[in-house]
Structure formats: structure tokens, C-alpha cells
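Asker: Here is my input, please return the structure:
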Amino acid sequence: MDRRIVALLLALMMALASVSALAEAAESAADAVPTEAEATEAAESEELPELPLDTVLATVNGMDLTWEDVQEHLTNIIDTYSQQGVDFSKEENLTQARQIAMQYAIDYALLRQEAARLGLDQITEEDEASLATQNSELWEEAISTYIQNNLNLSEEATDAEKEAARASAINFYESQGYTMDSTLADARQALVYERTIAELCKDVEVTDEMIQAEFDTAVEADKDQYDGNIGMYEYMTQYYGQHSYYQPSGYRGVTHILLKVDDALLQNYLDLSAKLEEQAERVETGTDAEATAAPEATEESVTQEQVDAAEAAVIASVQPTVDEIMAKFQAGTEFLSLVDEYGTDPGMQSDPYRTEGYPVHQDSIIWDPAFIKGAFSVDHVGEVSKPVVGNYGVHLVYYLRDVPAGPVELTDEIKAELREQLVEAAENEAVGEAVEGLYNNAEIVYTSFGEAFKVPEVEEEPVAEGAEDTETP
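Answerer: Have a look, this model is predicted:
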């Protein structure tokens with residue numbers, strides 16, 4: 001992880017928070033320095049005392065790990081998972097967070113040591129100049145962000161007021177432990193990490209065959225998940241924006257002309273339709289007007305004939321326009337031209353929907369049922385439905401094409417996405433294996449202050465009797 005970026009992003013996030021709330025939090029911090037005996041006792045209780053930042057919690061191959069090294073990781077862990085609902089007032093959760101933070105700190109220490117062994121920890125004058133420039137830019141951006149979000153500094157502010165605002169921002173960041181020197185130090189260390197990670201990942205390779213295999217695997221996974229489950233497919237792809245590598249069968253691409261109608265006519269039809277549906281539900285559940293004395297049962301019932309009449313009135317209001325559209329269509333005018341001339345749906349004005357149509361399935365959950373009805377009321381590509389009344393007006397739906405089922409096209413864009421994913425996974429694995437090897441060969445000694453952070457040892461699986469002599473198949 002790039003600690004420089006973490007540091008500045010954390011500072012920027014703090015700048016957006018309430019200054020008074022942060023001040024109160026800072027004032028409540030204890031200044032007492034515990035003795036080693038007090039720390040040992042506290043490590044066994046539910047709370048850890050405030051420690052000086054230079055308190056040594058452990059040594060890794062003789063290198064000291066201090067509370068400052070671990071605290072940053074612990075703060076990030078607690079902040080992140082608290083937002084996800086994890087309760088860190090529970091000792092078991094806090095203990096696990098401490099252990100994870102310590103593991104992170106150990107891993108970074110091992111990477112620093114590996115960088116030194118490989119000679120990657122040397123910062124040249126050119127490196128220093130570039131880092132200083134970048135750090136200065138980020139620092140100024142952080143100051144500007146704090147002033148903009150927390151201080152009422154007008155455009156007419158005097159130089160003295162601007163200097164005071166700048167001093168206030170710097171004081172704030174310093175109160176949170178950030179200075180230009182500290183972020184520059186983080187930038188130097190980040191550069192060393194980047195070099196080390198690059199060295200550990202230098203043999204990572206992703207071939208076209210690996211991309212194809214990953215694509216095939218993704219296709220099969222999506223097919224298993226979405227075949228026969230159109231609701232899930234549309235929910236995940238439309239609402240959550242997930243990419244699917246498999247297109248379920250049964251979809252049509254349809255375009256349409258949406259005609260606006262009189263609001264009162266449309267609302268009357270929609271209200272009557274809703275009441276008729278409610279009546280049907282009450283009958284189905286045994287709570288209709290004749291079966292219960294519930295207040296809603298006293299309302300005047302609605303008949304199908306009333307609903308049909310209201311629907312006919314809506315269609316009749318635009319029938320002359322419908323006739324005009326169909327006459328032009330039957331005379332050879334392209335439907336897309338008629339969409340441009342008569343349609344009122346903005347979605348029909350841009351691709352991909354303009355040229356490929358809306359993808360509609362009989363079991364779709366994202367479209368107006370009336371629109372689905374119109375889409376499947378015709379049997380052949382190139383046909384136009386009769387007018388159907390929906391929530392937004394009257395639709396004339398054009399059956400444009402059948403959407404091919406099966407794997408989506410493996411485009412260059414998808415290949416690039418898969419390559420990036422595979423490279424990231426391979427690099428993570430390479431780094432993980434390298435760090436695990438370093439960890440297994442490291443000498444790690446915890447102080448009494450670090451007992452509350454001690455990473456539990458992973459117990460090896462017991463070897464079954466006689467397994468030593470068994471060849472691996």
C-alpha cells in the first residue's frame with residue numbers, strides 16, 4: 001500500500017469532517033505514559049493504554065516495530081470496518097483488529113528489509129527532487145481543500161486573512177500527525193515499496209491463453225447464475241452495474257415511440273387498474289369486500305369493463321397520431337425516423353438503445369409491464385405492436401432484433417479488463433508468497449507492550465500416520 005497516498009487521503013478526509021468534533025476527540029486523548037507492568041495488565045483487559053509512539057511492540061529480525069508503525073494500520077482498519085457495522089467495543093473484534101494491524105506492520109517491515117537486501121532502498125538526488133515536487137503539490141492541495149471546506153474565506157480576503165487560514169490548516173494537519181516532512185518521508189518509503197513490489201513481480205506474465213481461459217470461466221459462472229433467472233440477471237447488471245459475460249436467451253431488442261397523453265386520462269386509467277389489481281389480490285387472499293369488514297372493502301369496486309374503457313379512452317386520444325405513424329411506416333418510412341419525428345423517450349436518442357434497442361425479456365423486472373406486453377405482442381422482427389398504454393403514455397413498440405444468447409463478444413476492451421485483473425491477481429499472489437516466505441524465516445519477538453497485538457501462530461495440519469511415505473498423485 002502506498003503510505004504517502006494513505007496519509008494524504010486520510011488527512012483530506014479529516015479536513016472534510018467537523019473541526020469541533022475532531023478537536024473534542026483530540027482533547028479527550030490521555031497523556032499518561034503507562035509503565036511496562038501497566039501495559040502488560042492492560043493487554044490482558046479490554047482496553048489498551050495510550051502509548052508513546054516510539055514504544056517498541058516487537059522486533060522483526062532485530063528491527064524495532066513501534067506503536068507508531070502499528071497505529072496507522074489499526075486506525076485504518078477500525079475506520080473502514082466501523083462503517084460496515086463492525087462493533088469494536090467488543091473485545092474479540094478489537095483483538096482481531098490489533099492482530100491484523102500488527103501483521104500489516106510486520107509485512108511492511110519485512111518488505112523494507114528485503115528492499116535493503118536487494119539494494120532498492122537508495123534514494124538518488126533525482127528521486128528526492130521529484131518526490132519533493134509531488135509532495136509539495138499534494139500538501140498544497142490538502143491545505144486548499146481544508147480551507148475550502150472548513151473556513152469561510154471570501155474571495156476578497158486580505159493577505160493576512162489568507163495567511164491565517166493557511167496557518168489554521170497547517171495546525172490542523174499537524175495536530176493529526178501530518179507535516180510536509182512526514183508526508184515526504186512516507187513518499188520516500190512508498191517509492192522503496194514500489195521498487196520492491198516491482199522486483200517481486202518481475203516474472204509475472206499474463207498470456208492471451210490465460211485471458212481466454214479466464215473469459216471462458218467467467219462465461220460459465222454467469223451462465224450458471226443467470227440462466228433461468230432473469231430477475232437476478234437484471235438486478236445485478238442494471239441496478240448494481242455488474243458486467244455479465246453471458247447473455248441469457250429470450251431477449252428481444254425493441255425500439256418504440258412513446259406518445260404523451262392527457263394527464264387526467266392516463267391517471268384515471270392507472271388508478272382504476274391499480275384498484276382492480278388490489279381487488280384481485282384481496283380475493284386471492286380471502287380478504288375481499290364480501291369476506292371482511294375491513295375499511296378498504298367498503299370502497300366502490302372496479303370492474304374490468306371500467307378499466308378497459310379507460311384504456312380505450314387513452315388510446316383514442318392519440319389514435320389520429322397512431323394512424324398517421326402507421327400509414328408512414330406501411331408506406332416504407334424507417335421506424336427510427338418515425339421515432340425521431342414522434343417519439344418522446346430520451347433513451348431512444350442515443351446509443352446503444354437507439355441502434356440496438358432496449359433488451360426486453362418476458363420475465364423482465366426493469367420495464368413497465370405494458371411495455372413488455374407490447375414488445376412480445378408481435379411475432380416477427382420488423383413488426384410494430386398495436387398501441388399499449390403504460391405508466392408514461394402510449395407505446396408503439398418495434399421488434400428490432402433478437403438478442404443473441406450465449407457468451408458476449410470478447411472485445412479488446414474486455415481483454416484489457418481481464419488482463420488487468422489477472423495481472424493484479426498474479427502480482428498479489430507473487431507478493432503474498434514472497435512475504436509469507438520472509439515471514440516464515442523471520443525472527444519475531446514481542447515485548448510485553450505488544451502482547452495485545454501478537455499475531456497467533458498458524459497451526460499446521462496434523463500429518464496422518466503413514467502419510468510421509470505416500471506419493472502425491
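Asker: so what's the backbone phi/psi at Val394?
Answerer: Dihedral pair for Val394: phi -110, psi 130, per degrees, to the nearest 10.
Asker: Domain-wise, how is this structure divided?
Answerer: Split into domains by automatic domain parsing, the chain comes to 3-200, 250-404.
Asker: mean pLDDT lowest for which of the ones you listed?
Answerer: In terms of mean pLDDT, the lowest-scoring of the domains of the chain is domain 3-200 (a mean of 79).
Asker: quick one on the thing from earlier: would you tell me which of the domains of the chain gets closest to Gln421?
Answerer: domain 3-200 (17.4 Å; C-beta to C-beta). Where C-beta positions appear, they are placed from N, C-alpha and C, glycine not excepted.
Asker: Assign Thr255 to helix, strand or coil.
Answerer: When classified by DSSP: H, G, I helix; E, B strand; the rest coil, Thr255 comes out as strand.
Asker: Does it touch Leu336 like I think?
Answerer: Yes: the pair Thr255 and Leu336 passes the contact test of C-beta atoms under 8 Å, sitting 6.8 Å apart.
Asker: Mind listing the shared neighbours of those two?
Answerer: Common neighbours of Thr255 and Leu336, counting by C-beta atoms under 8 Å, 6 or more residues apart in numbering, are Arg354.
Asker: circling back to that earlier point, possible to save the domains of the chain as JSON lines with distance to Glu417 and mean neighbour count?
Answerer: Below are the domains of the chain laid out as JSON lines (distance: least, C-beta to C-beta, whole Å; neighbours: other C-beta atoms under 10 Å):
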{"stretch": "domain 3-200", "distance to Glu417": "22", "mean neighbour count": "15"}
{"stretch": "domain 250-404", "distance to Glu417": "18", "mean neighbour count": "16"}
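Asker: Reformat those as TSV; add distance to Gln225.
Answerer: Below are those laid out as TSV (distance: least, C-beta to C-beta, whole Å):
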stretch	distance to Gln225
domain 3-200	24
domain 250-404	15
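Asker: who wins for proximity to Lys223 among the ones you listed?
Answerer: domain 250-404 (13.7 Å).
Asker: Span of that closest one from start to end?
Answerer: Using C-alpha to C-alpha, to the nearest Å, the end-to-end distance of domain 250-404 comes out at 9 Å.
Asker: swap in stretch 230-244?
Answerer: Stretch 230-244 has an end-to-end distance of 12 Å (C-alpha to C-alpha).
Asker: ok now that stretch, how far from the chain's centre?
Answerer: Going by C-alpha atoms, centre = their mean, to the nearest Å, the spacing between the C-alpha centre of stretch 230-244 and its chain's C-alpha centre is 14 Å.
Asker: cool, stretch 208-219 as well?
Answerer: In terms of C-alpha atoms, centre = their mean, the centre of stretch 208-219 is found 24 Å from the chain centre.
Asker: Just the buried residues of it, please?
Answerer: Of the residues in stretch 208-219, 211, 214-215, 218-219 count as buried by neighbour count, 16 or more other C-beta atoms under 10 Å.
Asker: Can you lay out those as a markdown table showing secondary structure?
Answerer: Listed next are the buried residues of stretch 208-219 as a markdown table, based on three-state DSSP:
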| residue | secondary structure |
| --- | --- |
| Ile211 | helix |
| Glu214 | helix |
| Phe215 | helix |
| Ala218 | helix |
| Val219 | helix |
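Asker: Save these as a markdown table, and put in pLDDT too.
Answerer: Below are the buried residues of stretch 208-219 laid out as a markdown table (pLDDT from 0 to 100):
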| residue | pLDDT |
| --- | --- |
| Ile211 | 97 |
| Glu214 | 97 |
| Phe215 | 97 |
| Ala218 | 96 |
| Val219 | 97 |
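Asker: from those, which is closest to Asp64?
Answerer: Glu214 (43.1 Å).
Asker: residues touching that closest one, list them.
Answerer: Neighbouring residues of Glu214 by C-beta under 8 Å, 6+ apart: 418, 421-422.
Asker: Next: Ile325.
Answerer: For Ile325, the contacting residues are 257, 338, 342, 396, by C-beta under 8 Å, 6+ apart.
Asker: Is the second one in a helix, a strand, or coil?
Answerer: Which is Leu338. The three-state label given to Leu338 by three-state DSSP is helix.
Asker: Also Val302?
Answerer: Three-state assignment for Val302 (three-state DSSP): coil.
Asker: correct me, but it touches Leu272?
Answerer: Yes: the pair Val302 / Leu272 is scored as a contact, 5.4 Å apart, by C-beta under 8 Å.
Asker: sorry, back to before: just the buried residues of stretch 208-219 now: which is nearest Gln247?
Answerer: Checking the buried residues of stretch 208-219 against Gln247 by C-beta to C-beta gives Val219 as the nearest, at 9.7 Å.
Asker: Lys415 versus the closest one, what's the distance?
Answerer: 14 Å (C-beta to C-beta, to the nearest Å).
Asker: now do Leu265
Answerer: For Leu265, the distance to Lys415 - C-beta to C-beta - is 52 Å.
Asker: Strands of the stretch 301-450 of the chain, residue ranges please.
Answerer: Counting by DSSP state E, counting those that start in this stretch, the stretch 301-450 of the chain has strands at residues 358-360, 388-389, 394-402, 406-407, 444-446.
Asker: For Ala198, see how far away Asp159 is.
Answerer: Distance from Asp159 to Ala198, by C-beta to C-beta: 45 Å.
Asker: correct me, but Trp67 touches Glu50?
Answerer: No: applying C-beta under 8 Å, one finds Trp67 not in contact with Glu50, separated by 9.3 Å.
Asker: contact partners of the strand or helix carrying Met232?
Answerer: Under the criterion of DSSP states H and E, Met232 resides in helix 230-234. With C-beta under 8 Å, 6+ apart as the test, helix 230-234 has contacts from 225-226, 244, 248, 250, 361, 363-366.
Asker: Kindly report the same for stretch 385-399.
Answerer: 252, 254-261, 266, 269-270, 311, 314-315, 318-319, 322, 325-326, 335, 344-345, 357, 368-371, 373-375, 377-378, 380-384.
Asker: Can you tell me the centre-most residue of this structure?
Answerer: Residue closest to the average C-alpha location in the chain (C-alpha atoms, centre = their mean): Tyr240, at 9.0 Å.
Asker: Out of the domains of the chain, which gets nearest to Val206?
Answerer: Proximity to Val206 (C-beta to C-beta) singles out domain 3-200 among the domains of the chain, at 15.7 Å.
Asker: residues in contact with stretch 158-168?
Answerer: Contacting residues not belonging to stretch 158-168 are listed as 143, 146-147, 151, 153, 157 [C-beta under 8 Å, 6+ apart].
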